[in-house]
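S.K.: What shape does this take:
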Amino acid sequence: MEKRRSILKKMLASVAGVSVFGLAKAANTTPSEEKEVNNVTEYQDVPLFSGSTRMGNMVFVAGKGAHVEPFEIKAHTEIVLKELENELKKAGSSMEKVLKVNVYLNDIADYQGMNEVYKGRFGAKPPVRTTVAVAKGGVPGNSLVEMDCIAYI
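M.R.: Reported below is the predicted structural model:
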C-alpha cells in the first residue's frame, strides 16, 4: 500500500511539477527518455492514439471497450478487463500494479453487474477508481462499459 502511495505521489508531482512541500522534480523520468507507445490506432493513415504509453516506470492504458454481442454488462466487463490486462502485460506491468482506473458505463443501472465481474481483479490492494455514466450517445462503439487505467512497472 505504501509503495503504491509513494508511486502515486511521484506521478502526481511529475505531472503537476509541484508537491505539497514546493517544487518537485519529475518522477523517474529525464528529458532524454522517450515515451514508448503500443498498438497505435490510425485514422486516414495518421496516428490517432495508442493502446498504451509508457514513460519511465509509468504506464497509461487507453480506454478499452467491448464492441461485440451479447450486449450484457457482465460479458462486456469481462472482455474489457482482459483487454486491460493484455495491454498492461505488453507494457511490462500487471493488474496488481494498477494505481487508478476510470470506468465509463453506458447506463448507471449496470453498476452492480459491472462490480460483480470487476471485484478482485486487481489483487488484494485494489486501485482507486472513478465510475461515471456517460451522457448522450453512450460509450463509443456500442460497448456497455469502457475502462482506462494508470499503472507502474
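S.K.: which regions of this protein sit below the pLDDT cut-off?
M.R.: Applying pLDDT under 70 to the chain picks out residues 1-32, 39-43, 47.
S.K.: Would you mind extracting the C-alpha trace of the top strand by length along the chain into PDB?
M.R.: Looking across the chain with DSSP state E, the single longest strand is strand 46-55. The C-alpha trace of strand 46-55 is given here as PDB (Å, rounded to 0.1, in the frame of the first residue of the first chain):
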ATOM      1  CA  VAL A  46      -2.500   9.300 -39.500                       C
ATOM      2  CA  PRO A  47      -1.700   8.100 -36.000                       C
ATOM      3  CA  LEU A  48      -4.700   8.900 -33.800                       C
ATOM      4  CA  PHE A  49      -4.000   7.300 -30.400                       C
ATOM      5  CA  SER A  50      -2.000   4.500 -28.700                       C
ATOM      6  CA  GLY A  51      -3.300   1.500 -26.800                       C
ATOM      7  CA  SER A  52      -0.800   2.300 -24.100                       C
ATOM      8  CA  THR A  53       2.000   4.700 -23.500                       C
ATOM      9  CA  ARG A  54       5.000   4.100 -21.200                       C
ATOM     10  CA  MET A  55       7.200   6.800 -19.800                       C
END
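S.K.: Offset the numbering so it begins at 33, please.
M.R.: Okay, residue one is now 33; in that scheme the one you just asked about reads as strand 78-87.
S.K.: Any idea how far it is from the middle of the chain?
M.R.: Distance of strand 78-87 from its chain centroid, counting by Cα atoms, centre = their mean, to the nearest Å, is 13 Å.
S.K.: Are there helices or strands packed against it, and which ones?
M.R.: strand 68-75, strand 90-97, helix 105-122 (3 or more Cβ pairs under 8 Å, 6 or more residues apart in numbering; DSSP states H and E). All C-beta spots, glycine's among them, are computed from the backbone N, C-alpha and C.
S.K.: So in that sheet, which strands flank it, and in what orientation?
M.R.: Strand 78-87 has these partner strands in its sheet, going by DSSP bridges: strand 68-75 (antiparallel), strand 90-97 (antiparallel).
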